[in-house]
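Asks: only the shape, not the letters, is given here:
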């Protein structure tokens, strides 16, 4: 009964040293040497200070900026130390109410734009930190941003194109627009 | 569905099946000790055995093998429990995380030691870096290695005859960890870092945000508890948030083994939906591939070790067919979308510039195809990591992952545990076929008799009892009903999903449920323990009994178990057991919800 107790205890300690200490340290060391910026969180640096991460979205509600996807983190949107989705079921009345409110906010900020609202722009992301919107969601907002900034729509579209990533290797995933990158570029250009 | 969806799915399946053969052959050579890697690293292995006082040449009877598994898992559970309860006084805790409560610590310890990796807690707001590494990462490795060891012992039961022993647990455990899981994890972890998965020991990073967010901040009293008004509603004040605190940490090393070991416990709360845990479509592909890689390769290894590769391909075919059928249902349901969203003014039609469909709880970079593919793959395997929120799936889209778990985690399943579960179903299949034609059933040259059928019945029935019994108790108790987040039939689905996940050692969740309560922490913890060890011990007993038997040559009445006929018969047995057991419960949850959604559809578009 107790014959295997000692091997169990010693083996657990040894494998803890190998897989719990040596392995993460090796990955950290090699990661830092081979992929320095990604291993630290893909931070965007400005004068040696981090001003955001390319992979972590931020909340935008100024009509001059492109808006990100709705975020369900608490207590405020895009809380990057407490990732969360809404977890609302498809028939939850709260979901319907939330989506209707978001559609209205978009319409109010852009009177006269009667195009259908792309679904990703009015539904909460899984992480609450989604850095991307679909190209359709960006196109929906181009007119508003151009008008608010008094820029030519084509100029705004060019900046959108620069912040757009296609399918990886040509077929993996979905095409997407990095909202923070786009808004930083807009602010820098205008 | 667009052509790109088919392309991504086909590419995934082709790479998966193509990898099964080389990796399976390598693993067979590792366990048989004939691999060059094993010979090169023999000094390291032998040093470990010497320190443990183990003679690697000495093989074990099944009872001793089982005791070794139980001691090792018990000590592992205690270690994870202790780390969580003491983390505030231990190093590598830059955020100053407090000690975890006893019920949550018990739940997490059993969850990781049983290879379930159900998470009642939010990683970035609960666990210190030390707990994540020494507790969780270690169990990610060794609980997976334990499952693989038990499988190898069962395979030896078929491969040997008139033998008293089924191998040495310490050797199987060490080789699974050092020669299979560790090198694969190292390569995967670095590939993930290259894509942007974070791997650092720095504290969380504070950055200024471009715009500030206004929100309702709860007012705290002197003890730090939220103040409430006379009606019990929390009192809030307007506040503006001008910065973002970005959670980071040594994630890549843990994410790699979480996928390869079919563990699924995420570094961050939202698991692989978090952009720092799964940043790109390529990282998503690699993580998804890793989920099924070892379970698929183990099928090939099984064929090699029992001396008939066709047996391995037959089981792999059965698994793949079920996977593809359910995958099509899940993708179709999610792409069709939610009539409620359309009614509220959202455009769900897929086009070149958007994936469309039900995007609530999904990430833009993954869209519908990769979210539905992941949900199917992660619940086919007992992985349980998520890249989208299953709670917000359409009713049928959410039924697929739930039912895949309820099938007993045998469609690929956990590393080791999936295949030993499927072999149990194969034994049931030959038994049922034997009843039909009135012959003593045989599988791989071994006569299946009363003892084997009893053990197999335990393996098939224990998860069933845990899932349905646990759900029934939870819906009867106030403490169980209090945890649900959504109204109506969906609330029942949340509870059923939680017990399906714990009772089959999967770990995925309809995450709206507030499971970090004493009731759910204890109830789900007990379900996980039963479903792990009440399967491991009967499987090892089966291994011992089979090893002791003589092999019989196939006769004219023997049912060949490598033919398409048997593949479909095996699928039939798995599906019939799963359907008979769970359709009544599913009817109360996702099926009712699906019908309610059709009502919404009719209201919106008319009855056509």
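Replies: All right, it came through fine. Every value quoted in this text rests on a predicted model; they were computed, and no experiment measured them.

Asks: make it CA atoms for all contacts and neighbour counts henceforth
Replies: OK.

Asks: nearest spatial neighbour of residue 162, chain-adjacent residues omitted?
Replies: In the absence of a named chain, this looks at chain A. residue A:182 (7.8 Å; Cα to Cα, 6 or more residues apart in numbering or on different chains).

Asks: the intended chain is chain B.
Replies: Distance criterion Cα to Cα, 6+ apart; nearest residue to residue B:162, sequence neighbours excluded, is residue B:548 at 4.2 Å.

Asks: retrieve the pLDDT associated with residue B:69.
Replies: In this prediction, residue B:69 carries a pLDDT score of 97.

Asks: ok, it - contacts?
Replies: With Cα atoms under 8 Å, 6 or more residues apart in numbering or on different chains as the criterion, the residues that contact residue B:69 are B:146, B:169.

Asks: quickly find the element holding it.
Replies: Assigned by DSSP states H and E, residue B:69 falls within helix B:62-86.

Asks: just the buried positions in stretch A:47-63, please.
Replies: A:51, A:52, A:53, A:54, A:55, A:56, A:57, A:58, A:59, A:60, A:63 (16 or more other Cα atoms under 10 Å in any protein chain shown).

Asks: what does the pLDDT read for the closest residue to chain A within the stretch 451-600 of chain B?
Replies: In the stretch 451-600 of chain B, the residue that lies nearest chain A is residue B:512 (4.8 Å; Cα to the nearest Cα). Reported pLDDT at residue B:512 in the predicted model: 87.

Asks: what does the one 10 residues further on give?
Replies: Reading off the per-residue confidence, residue B:522 sits at a pLDDT of 95.

Asks: check contacts around it.
Replies: B:103, B:106, B:107.

Asks: so which strand or helix has the first one?
Replies: When elements are assigned from DSSP H and E, residue B:103 belongs to helix B:102-113.

Asks: find the nearest non-adjacent residue to the residue of chain B found nearest chain A, please.
Replies: Chain A sits closest to residue B:361 of chain B, with a gap of 3.9 Å, by Cα to the nearest Cα. Nearest residue to residue B:361, sequence neighbours excluded (Cα to Cα, 6+ apart): residue A:126, at 3.9 Å.

Asks: and that neighbour, how far is that from residue B:19?
Replies: The gap separating residue A:126 from residue B:19 is 30 Å, by Cα to Cα, to the nearest Å.

Asks: so for those two, which residue has more residues nearby?
Replies: Taking other Cα atoms under 10 Å in any protein chain shown, residue A:126 and residue B:19 do not tie; residue A:126 has more neighbours (32 against 16).

Asks: from what I see, the more buried one and residue B:365 are in contact.
Replies: No - between residue A:126 and residue B:365 no contact is recorded; they are 11.2 Å apart, counting by Cα atoms under 8 Å.

Asks: show me what the host helix or strand of residue B:585 is packed against.
Replies: Secondary structure assigned from DSSP H and E places residue B:585 in helix B:564-586. The helices and strands touching helix B:564-586, judged by 3 or more Cα pairs under 8 Å, 6 or more residues apart in numbering or on different chains; DSSP states H and E, are helix B:309-336, helix B:395-406, helix B:417-437.

Asks: mind putting those helices in TSV, mean pLDDT and mean neighbour count included?
Replies: Output for those, formatted as TSV (pLDDT from 0 to 100; neighbours: other Cα atoms under 10 Å in any protein chain shown):
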stretch	mean pLDDT	mean neighbour count
helix B:309-336	96	20
helix B:395-406	96	27
helix B:417-437	94	21
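
Asks: what sits against the residue nearest to residue B:361?
Replies: By Cα under 8 Å, 6+ apart, the contact list for residue A:126 reads A:84-86, B:270, B:273-274, B:360-363, B:387-389.

Asks: excluding its backbone neighbours, what's nearest residue B:204?
Replies: Using Cα to Cα, 6+ apart and skipping residues adjacent in sequence, the residue nearest residue B:204 is residue B:247, 4.8 Å away.

Asks: gap between whichever helix or strand residue A:30 is part of and the chain center?
Replies: Using DSSP H and E, residue A:30 maps to helix A:23-34. Between the mean C-alpha point of helix A:23-34 and the mean C-alpha point of its chain there is a distance of 25 Å (Cα atoms, centre = their mean, to the nearest Å).

Asks: also stretch B:429-447?
Replies: Relative to its parent chain, stretch B:429-447 has a centroid offset of 31 Å by Cα atoms, centre = their mean.

Asks: and the residue of chain A that's closest to chain B?
Replies: Of chain A, the residue with the smallest distance to chain B, taken as Cα to the nearest Cα, is residue A:126 at 3.9 Å.

Asks: you'd agree that residue is in a helix?
Replies: No - assessed with DSSP: H, G, I helix; E, B strand; the rest coil, residue A:126 is coil; it does not lie in a helix.
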